[in-house]
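Enquirer: take this sequence and fold it.
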Amino acid sequence: MKALVIEDTLTSATLVCHQLRKMGLEAVHARNGEAGIEAFKSERPDLVLLDVIMPGMDGFEVARRIRQLEKDGMWTPIIFLTARTGDEDLERGIEVGGDDYLIKPVSEIVLKAKVRAMQRIAQMRYSLLVLTRKLDEANRELTRLSSADGLTGIANRRRFDETLLKEWRRCARERQPLALLLIDVDFFKPFNDNYGHQVGDECLKAVARTLADSVHRSSDLAARYGGEEFVVILPGTHETGAGIVAEAMRQAVQELGITHRFSAAAPVVTISIGLACTVPQAGDEDGHARLLKQADEALYRAKSTGRNRVAIAPPQGEAENVC
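Expert: Numbers count the residues shown, from 1 in each chain. Next up, the predicted model:
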């Protein structure tokens, strides 16, 4: 444990440093407030013993500045060294960030007791901080798990629903387009029935990874919609750009080369994609549901016209609402 002694009187500082070293602490001495603050920055002590009356910057101001330097849950015990015994001085010392007082001349027994008490408090606070961080990590992991699909690891239906509504409202405020891709793995039931559920699960995982890898912006989201269906949200994306993304996804899945002898679309696993795009309007709280319906209708058209293709929903509503 390292202690910083900020004391302008050399005799007093030497005595206190000697007593601290007898307790097994490393003692660092600073002769005035300015030097003490610099030493605090460079040495990062575990304890500060601070004289109140010093030329230039007094101990109260030093304590206040030390507290301003502490960040990210840091806390360094500060014990004032003073000949003042008035209640007002004690109150001010606590107010600026001090934790305890020692009356000069400093008793070795009292100093030892105060230091040990501060050590215990610091250790308890550190343990609490570690526990808090562990709880924060656990909560973040729970949040992640609650929003992730158990099989594929990408976003689940719950996160999709929340994100679609959030992005709909944001795009409405900013008058930005919002594109939606609804995706279905072609002839997945015969694939699953003939190759087995385990192979089917691996196929869905591979498709999910491919779709997730095809979106690169933090605002984009690829999610599992249910069964062999997936969905992708592309905020701020016009129909042309969304079509390019969709076609790249279709090609990427086909290029996985997963054998599918029971598909009428291709000898490998493929996907069909329905694309819908609009510029959300403020106050249209049901608009995101209509956008999803349009993407679903486009997906149906892609499947009914041969699969392994992208179909785009026709423009809906007034001209200014169209991507």
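Enquirer: switch to C-alpha atoms for all contacts and neighbour counts from now on
Expert: Will do.
Enquirer: show me the helices in the stretch 1-150 of the chain, by range?
Expert: 10-22, 33-43, 59-69, 87-95, 108-146 (DSSP state H, counting those that start in this stretch).
Enquirer: would JSON lines of those helices with distance to residue 173 and mean neighbour count be doable?
Expert: Output for these, formatted as JSON lines (distance: least, Cα to Cα, whole Å; neighbours: other Cα atoms under 10 Å):
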{"stretch": "helix 10-22", "distance to residue 173": "62", "mean neighbour count": "16"}
{"stretch": "helix 33-43", "distance to residue 173": "46", "mean neighbour count": "17"}
{"stretch": "helix 59-69", "distance to residue 173": "39", "mean neighbour count": "18"}
{"stretch": "helix 87-95", "distance to residue 173": "46", "mean neighbour count": "14"}
{"stretch": "helix 108-146", "distance to residue 173": "27", "mean neighbour count": "13"}
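Enquirer: least confident of those helices, on average?
Expert: If the helices of the stretch 1-150 of the chain are sorted by mean pLDDT, helix 87-95 sits at the bottom with a mean of 79.
Enquirer: between helix 59-69 and that one, find me the angle.
Expert: 20 degrees (axes from the mean of the first three to the mean of the last three Cα atoms, to 10 degrees).
Enquirer: can you give me the neighbour number for the closest residue to residue 176 other than its chain neighbours?
Expert: Distance criterion Cα to Cα, 6 or more residues apart in numbering; nearest residue to residue 176, sequence neighbours excluded, is residue 236 at 5.2 Å. Residue 236 has 21 neighbours, counted by other Cα atoms under 10 Å.
Enquirer: likewise for residue 24?
Expert: 10.
Enquirer: now swap in residue 23 and tell me
Expert: 15.
Enquirer: now distance to residue 178 too, for the helices of the stretch 1-150 of the chain, in TSV please.
Expert: Shown next, in TSV, are the helices of the stretch 1-150 of the chain (distance: least, Cα to Cα, whole Å):
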stretch	distance to residue 178
helix 10-22	66
helix 33-43	50
helix 59-69	45
helix 87-95	53
helix 108-146	25
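Enquirer: which one of those lies closest to residue 206?
Expert: Between residue 206 and the helices of the stretch 1-150 of the chain, the tightest spacing by Cα to Cα is seen for helix 108-146, at 19.5 Å.
Enquirer: so how far is the closest one from its chain's centroid?
Expert: Mean C-alpha position of helix 108-146 versus that of the full chain (Cα atoms, centre = their mean, to the nearest Å) differs by 22 Å.
Enquirer: what angle do that helix and helix 10-22 make?
Expert: Going by the same axes, to 10 degrees, helix 108-146 makes 60 degrees with helix 10-22.
Enquirer: could you point out which element follows helix 108-146?
Expert: Past helix 108-146, further along toward the C-terminus, the next helix or strand under DSSP states H and E is helix 157-174.
Enquirer: that following helix - what's its average pLDDT?
Expert: What helix 157-174 shows for mean pLDDT is 95.
Enquirer: over to stretch 239-254?
Expert: 97.
Enquirer: for the residue nearest to residue 259 when sequence neighbours are not counted, give its distance to residue 191.
Expert: Nearest residue to residue 259, sequence neighbours excluded (Cα to Cα, 6+ apart): residue 268, at 4.4 Å. Applying Cα to Cα, to the nearest Å, the value for residue 268 to residue 191 is 10 Å.
Enquirer: quick one: residue 196 from residue 277, how far?
Expert: In this view, residue 196 and residue 277 are 37 Å apart by Cα to Cα.
Enquirer: of the two, who's got more company?
Expert: A count of neighbours by other Cα under 10 Å puts residue 277 above the other of residue 196 and residue 277, at 30 against 11.
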